[in-house]
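Q: return a 3D structure for these sequence lines:
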Amino acid sequence: MHDSHPLASPPALLRAEHLCKSFGGLRAIDQASIDVARGSITGLIGPNGAGKTTLFSLLSMFLRPDRGQVILDGEPLHHLQPHQIAQRGMVRTFQVARVLSRLSVLENMLLGAQQQTGEVFWHVWLQPRQVAAEEREFRDRAWAILNSVGLAEKAQDYAGALSGGQRKLLELARVMMARPKLVLLDEPAAGVNPTLINQICDHILDWNQQGITFLVIEHNMDVIMSLCDRVWVLAEGRNLASGTPAEVQQNPAVLAAYLGQD
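A: This next block holds a predicted model:
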């Protein structure tokens with residue numbers, strides 16, 4: 001149970017305040033705010049078209065808000081590009097897993113490592129020992145993560161040969177290569193069979209125990225209720241409710257807007 005007294009609440013790792021985003025005459029996000037406590041698994045739910053993925057894109061600066069601000073670990077993000085935000089520890093996934101189909105699973109993993117010395121051309125010639133040592137370290141880490149998620153036997157296969165669920169696992173595993181502080185997960189259970197959903201949830205819980213914070217969009221309410229410490233509800237681009245999973249599940253406004261009950 002979580003103490004509701006504000007002084008006892010964990011500090012926010014991510015805070016978004018009064019975000020707005022319009023596309024033409026459509027206000028997709030309208031004064032939306034959200035806090036994600038450090039060390040939590042926080043859920044974001046809402047009916048189709050509520051603006052959840054748009055909000056993710058604003059948080060990660062794949063889209064620029066018209067108004068409002070996003071603060072990660074005390075630092076405003078409006079001046080940063082998405083790759084710079086990833087380097088600061090916030091990484092996102094997508095509704096449809098994005099993998100490089102013509103590269104192997106292992107090569108996909110190695111691309112997830114941040115700020116590699118060998119990415120700078122001259123370092124390959126001027127710092128060959130450091131580059132080689134980092135490559136060994138990243139390769140060892142990639143193998144360890146693949147083994148932990150059950151994809152080690154697929155390491156040399158093309159990523160395009162994986163099933164939809166395995167691609168989701170690969171995307172999650174690749175995110176872990178970046179050593180993130182916060183992961184934005186966009187529907188990790190979508191299109192995945194029940195057995196693999198349970199595996200994905202177990203991995204999320206394990207990584208959370210290791211200190212990684214998660215913000216999760218998910219339509220599968222069993223996943224949200226079993227994983228999340230706190231849930232935010234979005235409807236028509238606006239905040240509708242927030243609370244514990246049990247509180248949100250019993251909220252009349254949520255039942256009306258999200259579950260289609262009167």
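
Q: my guess is Gly46 meets Leu240, correct?
A: Yes. Between Gly46 and Leu240 there is a contact at 7.2 Å, judged by Cβ atoms under 8 Å. Where you see a C-beta, it was placed from the backbone N, CA and C, and this is true even at glycine.

Q: neighbour count for the two, which is higher?
A: Between Gly46 and Leu240, counting by other Cβ atoms under 10 Å, Gly46 is the more crowded of the two (24 against 21).

Q: who's in contact with the more buried one?
A: Gly46 makes contacts with 52, 233-235, 240, 257-258, as judged by Cβ atoms under 8 Å, 6 or more residues apart in numbering.

Q: low-confidence stretches in the stretch 101-250 of the chain?
A: Counting by pLDDT under 70, the stretch 101-250 of the chain contains low-confidence residues at 114-134.

Q: how does it look with 50?
A: 118, 120-122, 124-125 (pLDDT under 50).

Q: and the helices in this protein, which stretches?
A: Under the criterion DSSP state H, the chain carries helices at the ranges 52-59, 82-87, 105-110, 121-126, 128-148, 164-177, 194-209, 221-227, 245-250, 252-257.

Q: what's the separation between the spatially most central residue of the chain and Ala152?
A: Centroid-nearest residue in the chain: Leu184, 1.7 Å away (criterion: Cα atoms, centre = their mean). With the distance defined as Cβ to Cβ, to the nearest Å, Leu184 ends up 26 Å from Ala152.

Q: ok, Gly211 next?
A: When distance is defined by Cβ to Cβ, Gly211 is 24 Å away from Ala152.

Q: neighbour-wise, which of those two wins?
A: Higher neighbour count among Gly211 and Ala152: Ala152, with 16 against 9, using other Cβ under 10 Å.

Q: how about the closest residue to the more buried one other than its chain neighbours, what does it touch?
A: Distance criterion Cβ to Cβ, 6 or more residues apart in numbering; nearest residue to Ala152, sequence neighbours excluded, is Leu146 at 4.5 Å. Remark: with contacts taken as Cβ under 8 Å, 6+ apart, Leu146 is in contact with 105-106, 109, 152, 154-155, 173.

Q: before we move on, what about Tyr158?
A: If a contact means Cβ under 8 Å, 6+ apart, then Tyr158 has 101-105 as its contacts.

Q: among those residues, the buried ones, what's the ChimeraX command?
A: What follows is the ChimeraX syntax selecting those of the contacts of Tyr158 that are buried according to 16 or more other Cβ atoms under 10 Å:
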select :104,105
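
Q: which residues pair with the nearest residue to Ser60 once chain neighbours are set aside across the strands?
A: Nearest non-adjacent residue to Ser60, counting by Cβ to Cβ, 6+ apart: Arg92, 4.8 Å away. With DSSP bridges as the criterion, the beta-bridge partners of Arg92 are Leu184.
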